[in-house]
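Q: need coordinates for the below:
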Amino acid sequence: MTWNAFLVAGRLHLVGEGPLVTIDARTGEGLWESRAVAGTPVLDGRHVLGLARFPSAGGRPELVALDPADGTEMWRSPLPDGTDDVTASGHMLVAVDLTDRDDLTLTVLR
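A: Predicted coordinates for the structure are as follows:
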């Protein structure tokens with residue numbers, strides 16, 4: 001299995017095919033895990049952000065924000081229809097639509 005990892009404030013956040021797992025980078029102690037986020041999450045300085053694995057009623061894509069300290073879901077926000085992933089570019093959060101494999105659609109989120 002391939003893992004993506006990012007280190008923030010002494011916490012190592014790991015994501016692979018399963019849940020997002022957060023461990024203490026110094027001790028290796030498991031701190032929390034969450035299945036709320038699909039794909040590789042990004043950070044905005046205050047939250048762990050990602051595409052919601054299980055959207056709310058209606059099934060529209062949603063951005064979910066987790067508290068990096070304990071994994072608590074802080075909020076959700078709708079994303080453009082067709083969003084398959086979210087990523088960060090510079091200081092921008094971007095929704096990625098892979099519906100048309102020949103024509104990638106990117107939407108900068110505010």
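Q: could I get the full set of strands for this protein?
A: Remark: strands assigned in the chain by DSSP state E are 4-8, 11-15, 20-24, 30-34, 37-43, 48-52, 62-66, 73-78, 85-89, 92-97, 105-109.
Q: mean neighbour count added to these, as TSV?
A: (Each C-beta comes from the backbone N, C-alpha and C, glycine too.) Converted to TSV, those look like this (neighbours: other CB atoms under 10 Å):
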stretch	mean neighbour count
strand 4-8	12
strand 11-15	19
strand 20-24	19
strand 30-34	16
strand 37-43	19
strand 48-52	23
strand 62-66	22
strand 73-78	13
strand 85-89	16
strand 92-97	17
strand 105-109	13
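Q: output the ones you listed in TSV; the columns should cover mean pLDDT.
A: What follows is those, written out as TSV (pLDDT from 0 to 100):
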stretch	mean pLDDT
strand 4-8	86
strand 11-15	91
strand 20-24	94
strand 30-34	96
strand 37-43	86
strand 48-52	90
strand 62-66	94
strand 73-78	94
strand 85-89	86
strand 92-97	88
strand 105-109	85
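Q: quick one: the residue sitting furthest away from the middle of the chain and residue 89, what's the gap?
A: Taking CA atoms, centre = their mean as the measure, the residue most remote from the mean C-alpha position of the chain is residue 102, 24.8 Å away. Taking CB to CB, to the nearest Å as the measure, residue 102 falls 21 Å from residue 89.
Q: show me what contacts the closest residue to residue 87 other than its chain neighbours?
A: Nearest residue to residue 87 in three dimensions, chain neighbours excluded: residue 94, at 5.3 Å (CB to CB, 6 or more residues apart in numbering). By CB atoms under 8 Å, 6 or more residues apart in numbering, the residues touching residue 94 are 86-88, 106-109.
Q: nearest to residue 26, of those residues?
A: For those, the residue nearest residue 26 by CB to CB is residue 88; the value is 25.9 Å.
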